[in-house]
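Visitor: Below: sequence and its predicted model.
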Amino acid sequence: MSGALTLAMLGSYKAAAAVAGPSLVLNLDAANYSAVPTNGSTIAGTGAFAINVVNPTPRISWNSANGGVFRVTTASTANFLTFGPDYSSGSQAFTVGMAYKWNGATPGRLLNANTTTPDFLMGIYGSGTARMNIAFAEAFTGSTSDVADTAWHFIWFINTGSFGGVKAKSYVATTTAPSGTYGTSSTNDGFNGLRLFGRFLNSTTSSEQVDADVGFVKVWDGELTLAQIQAEHATYKARFGY
């Protein structure tokens, strides 16, 4: 009897763990700050990742708008933030979520890998014409033709960790929560660290710099379900005016 009870309890624990879902390993939310983060400080989340702040001019600022945002109004190749895990194995399932707004002046890359390869990109992209709702990890996932506006947007990009099928998924939203994927792809090689406000060139310089507001960047160590993404949208939409 006690053995059967123990097995039942173990099954309950496993079920509870399954419901809990992936861990939030990185939560870089500007609402948790009152200034640009201190170089080397620890970002919230179970991963305890440090942030590297390259902001000599400075061009990156913190602003209290929308509960707190990190802002670049004059894009620069020498001002960026780097942080996050090494998920470049291709087999690590993950979700990256971001709330962002283009500031209308300089198009470029917003959230990128902090290495040359694998190449990873989220949010804003373009030279001459800024595009948004972009998700790229060795291949684009979803449309590449959405012309950027200056409204707040949400984006979630997933590596399922699987091979030979749907490996990448993207979801996007503004006023209304997503009801399905924005795009899927069979390719996603992840990233080795992340860089915000430009594309990796070297440790001190970016290319394809961009001006934008970022409310948060979050990383989970697994795939969020559609229901979990809809819950994220419900949590944050009022903060960003929806």
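Guide: Yep, that arrived.

Visitor: In terms of pLDDT, where does the nearest residue to Phe240 once chain neighbours are set aside sit?
Guide: In this structure, Phe240 finds its nearest non-sequential neighbour in Trp152, 4.0 Å apart by CB to CB, 6 or more residues apart in numbering. From N, CA and C alone the C-beta is placed, and that goes for glycine too. As predicted, Trp152 sits at a pLDDT of 98.

Visitor: can I assume Ala168 is in contact with Asp189?
Guide: No - taking contacts as CB atoms under 8 Å, Ala168 lies outside contact range of Asp189: 9.5 Å.

Visitor: Name all residues that make contact with Phe136.
Guide: Asp119, Phe120, Leu121, Met122, Tyr125 (CB atoms under 8 Å, 6 or more residues apart in numbering).

Visitor: repeat that for 7 Å
Guide: Phe120, Leu121 (CB atoms under 7 Å, 6 or more residues apart in numbering).

Visitor: pLDDT of the helix or strand containing it, averaged?
Guide: Taking DSSP states H and E as the definition, one finds Phe136 inside strand 131-137. Regarding strand 131-137, the rounded mean pLDDT is 98.

Visitor: to the chain's geometric centre, what's the distance from that strand?
Guide: Relative to its parent chain, strand 131-137 has a centroid offset of 11 Å by CA atoms, centre = their mean, to the nearest Å.

Visitor: And for stretch 46-57, what's in contact with it?
Guide: Residues contacting stretch 46-57 (CB under 7 Å, 6+ apart): 23-26, 36-37, 39-43, 76, 78-85, 204.

Visitor: ok, back up a step: name the helices or strands packed onto the helix or strand following the strand holding Phe136?
Guide: Next helix or strand after strand 131-137 toward the C-terminus (DSSP H and E): strand 153-159. Counting contacts by 3 or more CB pairs under 7 Å, 6 or more residues apart in numbering; DSSP states H and E, strand 153-159 is packed against strand 94-102, strand 120-125, strand 131-137, strand 168-173.
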